[in-house]
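Enquirer: I would like the atomic coordinates for the input below:
(chains A and B)
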Number of protein chains: 2
Amino acid sequence: MSVTDELLTNNAQYARDFSGPLPLPPSRNVAVVACMDARLNVYGMLGLREGEAHVIRNAGGVVTDDVIRSLVISQRLLGTEEIILIHHTDCGMLTFSDDEFRQSIQQEVGIKPPWAAEAFADLEGDVRQSIARIANSPFVPKADGVRGFVFDVSSGELNEV
Amino acid sequence: MSVTDELLTNNAQYARDFSGPLPLPPSRNVAVVACMDARLNVYGMLGLREGEAHVIRNAGGVVTDDVIRSLVISQRLLGTEEIILIHHTDCGMLTFSDDEFRQSIQQEVGIKPPWAAEAFADLEGDVRQSIARIANSPFVPKADGVRGFVFDVSSGELNEV
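Expert: Numbering: from 1, shown residues only, chains lettered A, B, ... in the order given. Below is the predicted model of the structure:
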């Protein structure tokens, strides 16, 4: 039995207790951008419930063009107004460099990825970089309500940058 | 008091009950790619707990280059082997076209976004498109273990495509 099959068994239990559908637009008008890290339970750490907030996640919680795309759709079409950025301690993105990662892939498969890995050496610096990318985008209408945090994987606390 | 401040109050409660830190690599070796939609509680619907799975989310749950980047880091550096793709019924991405979205932004701010919005007209077709993009990437080492689902926002059920 694959892990996917085991998780589908959990879904059957979830569906038994489920009451829906809720409206499409997030009821608390907030979008969260967080790292994909397995230790980040975004609903849990913010006390969110179904229907309240958009949650956007990728490797690092870095604001890439795809995050800008998602935020633009979130704000322009679905009315969100605040943005919460979440990086975290002990992040995998602190453990390698873009150059070595892309070169190792090139050596193995013969093709260097045409995208940056978006690794970073400075956790709080990358939160500020992500805030700056949002502020600099002409497409995100409400860039004022952005706040950035580092989640502490030891304590469960969010600390503002 | 902003919504962000209210959610930070919830975080203080979460941190009081928190026990960490857990290891960095996902213990169940799985990565989930899901839509950012507020009604998708990924931990809840799959019965996931902290530390078990990478969770990648964007507008639509579409496999973009940034999702490929995240999956490559997830598999190559952190050992995940299975991928679960989750789109859902009543998705906002079904309600507009790329052309009209990008033109409306151009009319308002004077610049047409240089990226596609990734809207789609066919839910199951876009799940298959996302699976095909992973299969076609030379950078994702384990593309065999991909399965795609549509989450039903009325019933809470995941239905395999």
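Enquirer: What number of residues are in the vicinity of A:Ser27?
Expert: 16 (other Cβ atoms under 10 Å in any protein chain shown). Bear in mind the C-beta positions are built from the backbone N, C-alpha and C, glycine included.
Enquirer: my guess is it meets B:Ala38, correct?
Expert: Yes - the criterion here is Cβ atoms under 8 Å, and A:Ser27 meets it with B:Ala38 at 7.3 Å.
Enquirer: so what's in contact with the two at the same time?
Expert: Contact criterion Cβ atoms under 8 Å, 6 or more residues apart in numbering or on different chains; residues shared by A:Ser27 and B:Ala38: A:Gly51, A:Glu52.
Enquirer: Spell out the secondary structure type for A:Ile105.
Expert: helix (DSSP: H, G, I helix; E, B strand; the rest coil).
Enquirer: Wait, it touches A:Pro114, no?
Expert: No - taking Cβ under 8 Å as the definition, A:Ile105 is not a contact partner of A:Pro114, at 11.1 Å.
Enquirer: These two: who's more crowded?
Expert: Using other Cβ under 10 Å as the criterion, A:Ile105 and A:Pro114 rank with A:Ile105 on top: 19 against 8.
Enquirer: Per-residue pLDDT of that one, please?
Expert: Listed pLDDT for A:Ile105 reads 97.
Enquirer: does chain B sit close to stretch A:14-24?
Expert: Yes - contact of stretch A:14-24 with chain B (Cβ under 8 Å from any Cβ of the partner chain) involves A:Tyr14, A:Ala15, A:Asp17, A:Phe18, A:Gly20, A:Pro21, A:Leu22, A:Leu24.
Enquirer: Could you identify the most distant pair in those?
Expert: Greatest spatial distance among the residues of stretch A:14-24 next to chain B (Cβ to Cβ): A:Asp17 and A:Leu24, at 21.7 Å.
Enquirer: Pick out whichever of these two has more residues nearby.
Expert: A:Leu24 (16 against 8).
Enquirer: Give me the phi and psi angles of the more buried one.
Expert: phi -70, psi -50 (degrees, to the nearest 10).
Enquirer: same thing with A:Thr4?
Expert: Torsion angles, degrees, to the nearest 10, at A:Thr4: phi -60, psi -40.
Enquirer: What about it, how many residues nearby?
Expert: 19.
Enquirer: for chain A, what spans make up the strands?
Expert: A:30-35, A:53-58, A:82-88, A:146-151, A:158-160 (DSSP state E).
Enquirer: Mind putting those into TSV with distance to chain B?
Expert: TSV is the format used below for the strands of chain A (distance: least, Cβ to the nearest Cβ, whole Å):
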stretch	distance to chain B
strand A:30-35	5
strand A:53-58	4
strand A:82-88	5
strand A:146-151	6
strand A:158-160	5
